[in-house]
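A.B. asks: Requesting a structural model of the entry that follows:
(2 chains)
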Amino acid sequence: MYAFTYHRPTTVRQAANLLAKHPEAKLLAGGHSLIPVMKQRLAAPNVIVDLNKVEGIAGVEISGRSVTIGAMTRHADVANSPVLREAMPALAGVPGSIGDPQVRNRGTIGGSIANNDPNADYPAACLGLGATIVTNKRKIAADDFFTGMFSTALEENEIIVKVQFPLAKKAGYEKFKHPASGFALVGVFVSKRSSDIRVAVTGAGANGVFRVKSFEEALKKRFAAKSLEGMTIPAAGMNSDIHAGADYRAHLVGVLARRALDKANAKGDDND
Amino acid sequence: MASTVSMTVNGKPVSGKIEPRTLLVQYLRETLRLTGTHVGCDTSQCGACVVHVNGVAMKSCTIFAWQLDGAEVKTIEGLSAAGEPLHPMQEAFREHHGLQCGYCTPGMIMSALDIVRRKGHELDDHTIREELDGNLCRCTGYHNIVKAIAAGAKAMAK
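C.D. replies: Residues are numbered from 1 along each chain as shown, chains lettered A, B, ... in the order given. Predicted structure coming up:
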């Protein structure tokens, strides 16, 4: 790892000022993506701005028809939040499936979203629920936020402060876990909130998370796995690597969407 | 550029100057000479480097030492003093032969204690195996590790 200097601001404003002063600086949240790539020298920031001392940007809060999650909330704290597990277990289940227990004790929602790894779980939840990403400058709809593999609408000096998710009446997430890394080979988040139906896919697309409009259209008639029977998506634009080819990933999108719908519609269990 | 860091490790205050790129595990092993915490993969996968930070299990290969300024860190060395009886979880690993080469053992034990913290003293095999997702044993001795953790968790309740 190359040498660097670091700063530990205690407010978002201080952090933004530090970013403005040091154009090469990188923000450090949980560090479970940044530190590994620094070890590999794929990233070599000369300045690190650590967000772990910033106050007031962690926690899960339910108010009215939405849930707000602070950017520095650890995966374990979202997964184990009693209010979220009650209000929308499908969303609580997303960080519960990330990495392993020690990684979940450290990793954060803000870091995951800002990194926009093409196999990460949170981007699917954000897009699949129509979340709003709140930064120190503005509010960005999830539909506009994820702009491609490892790229987002975040500008220079822009810091995610919190993420607001509307509470959906029905929601479900199903992922095909890579057995070693725990990342989603493919993951599908489905939700229904009055007339807004969303199907968001992570892991499969060569450009990162995306929505499947044909599935969403078919689900307007009936929000059930049956509505997608026999439906597939084209393999063009899917990722292909040693773990799974484009055809297989496209196939998994259909299978996992149907399973996610079954979860979303299940009654009397955790995914009610 | 060196920076000063102060933390409590196994109940003792420590402080010193370190390079910012020093990882917690390097600080523990190379500066404090607490070599019970191991580096297996150095890519946050294997769990040989698991320690407790303010009571919570974390992978010390993926945290900078300066981030722990003011924190309480516990390593395998902090579980029982030299010459004193072993911690019940260590004793359970010994009793049930929960190790072969022993390289993963410190991380396994620190993770086991975190499982007990979160899931209590009555642990079934399925829970233990799921919760050991972040700890690899290259000897593949999982069967006895699972037995040891179940027994150790029970013993800790006494």
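A.B. asks: who's in contact with the helix or strand encompassing A:Ala125?
C.D. replies: Secondary structure from DSSP states H and E places A:Ala125 in helix A:122-129. Outside helix A:122-129, the residues that touch it by C-beta atoms under 8 Å, 6 or more residues apart in numbering or on different chains are A:91, A:94-95, A:98, A:109, A:112-113, A:116-117, A:131, A:133, A:142-143, A:145-146, A:163, A:165-166, A:168, A:171, A:173, A:184, A:187-191, A:193, A:198-202, A:208-211. Using the backbone N, CA and C atoms, a C-beta is placed for each residue, glycine as well.
A.B. asks: Now the buried members of the residues you listed.
C.D. replies: Buried by 16 or more other C-beta atoms under 10 Å in any protein chain shown: A:91, A:94-95, A:98, A:109, A:112-113, A:116-117, A:131, A:133, A:142, A:145-146, A:163, A:165-166, A:168, A:171, A:173, A:184, A:187-191, A:193, A:198-202, A:208-211, out of the contacts of helix A:122-129.
A.B. asks: So which of those residues sit within strands?
C.D. replies: When strands are assigned by DSSP state E, the members of the buried ones among the contacts of helix A:122-129 inside them are A:133, A:146, A:163, A:165-166, A:171, A:173, A:184, A:187-191, A:193, A:198-202, A:210-211.
A.B. asks: quick one on the thing from earlier: give me the angle between the helix holding A:Ala125 and strand A:184-193.
C.D. replies: Note on geometry: by axes from the mean of the first three to the mean of the last three C-alpha atoms, to 10 degrees, helix A:122-129 and strand A:184-193 are set 20 degrees apart in direction.
A.B. asks: what mean pLDDT would you report for helix A:122-129?
C.D. replies: Mean pLDDT, helix A:122-129: 98.
A.B. asks: just the CA coordinates of it, formatted as PDB?
C.D. replies: Below are the C-alpha coordinates for helix A:122-129, written out as PDB (Å, rounded to 0.1, in the frame of the first residue of the first chain):
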ATOM      1  CA  TYR A 122     -27.700  -2.400  -1.600                       C
ATOM      2  CA  PRO A 123     -27.900  -0.800  -5.100                       C
ATOM      3  CA  ALA A 124     -30.700  -3.400  -6.000                       C
ATOM      4  CA  ALA A 125     -32.600  -2.400  -2.800                       C
ATOM      5  CA  CYS A 126     -32.300   1.300  -3.600                       C
ATOM      6  CA  LEU A 127     -33.400   0.900  -7.200                       C
ATOM      7  CA  GLY A 128     -36.000  -1.700  -6.300                       C
ATOM      8  CA  LEU A 129     -37.700   0.500  -3.800                       C
END
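A.B. asks: Run through the chain and note the low-pLDDT ranges.
C.D. replies: Chain wasn't specified; assuming chain A. Counting by pLDDT under 70, the low-confidence segments of chain A come to A:267-272.
A.B. asks: Can you look at chain B instead?
C.D. replies: Along chain B, the parts satisfying pLDDT under 70 run over B:1.
A.B. asks: Now do the strands in the chain.
C.D. replies: Here I'm looking at chain A. In order along the chain, chain A carries the following strands (DSSP E): A:5-7, A:26-28, A:47-50, A:60-63, A:66-70, A:132-135, A:139-141, A:146-148, A:151-152, A:160-166, A:170-177, A:184-193, A:196-202, A:210-211.
A.B. asks: Hmm, no, I was thinking of chain B.
C.D. replies: So, for chain B - with DSSP E - the strands run B:3-9, B:12-18, B:50-53, B:56-59, B:72-74.
A.B. asks: Just put those in CSV and tack on distance to chain A.
C.D. replies: CSV is the format used below for the strands of chain B (distance: least, C-beta to the nearest C-beta, whole Å):
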stretch, distance to chain A
strand B:3-9, 8
strand B:12-18, 11
strand B:50-53, 6
strand B:56-59, 5
strand B:72-74, 14
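A.B. asks: Turn the ones you listed into a markdown table, including distance to A:Lys221.
C.D. replies: As requested, the strands of chain B are exported to a markdown table (distance: least, C-beta to C-beta, whole Å):
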| stretch | distance to A:Lys221 |
| --- | --- |
| strand B:3-9 | 59 |
| strand B:12-18 | 62 |
| strand B:50-53 | 50 |
| strand B:56-59 | 47 |
| strand B:72-74 | 57 |
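A.B. asks: Among those, which comes closest to B:Ile128?
C.D. replies: When these are compared by C-beta to C-beta, strand B:56-59 sits nearest B:Ile128, at 14.1 Å.
A.B. asks: Parallel or antiparallel, which strands does that closest one pair with?
C.D. replies: Here strand B:56-59 is paired, per DSSP bridges, with strand B:50-53 (antiparallel).
A.B. asks: So which bits of the strand it pairs with are buried?
C.D. replies: Residues B:Val50, B:Val51, B:His52, B:Val53 are the ones in strand B:50-53 that count as buried (16+ other C-beta under 10 Å).
A.B. asks: and which of these is nearest B:Cys104?
C.D. replies: The closest of these to B:Cys104 turns out to be B:Val50 (C-beta to C-beta; 9.6 Å).
A.B. asks: The closest one contacts B:Ile63, correct?
C.D. replies: No. Judged on C-beta atoms under 8 Å, B:Val50 makes no contact with B:Ile63 at a distance of 11.2 Å.
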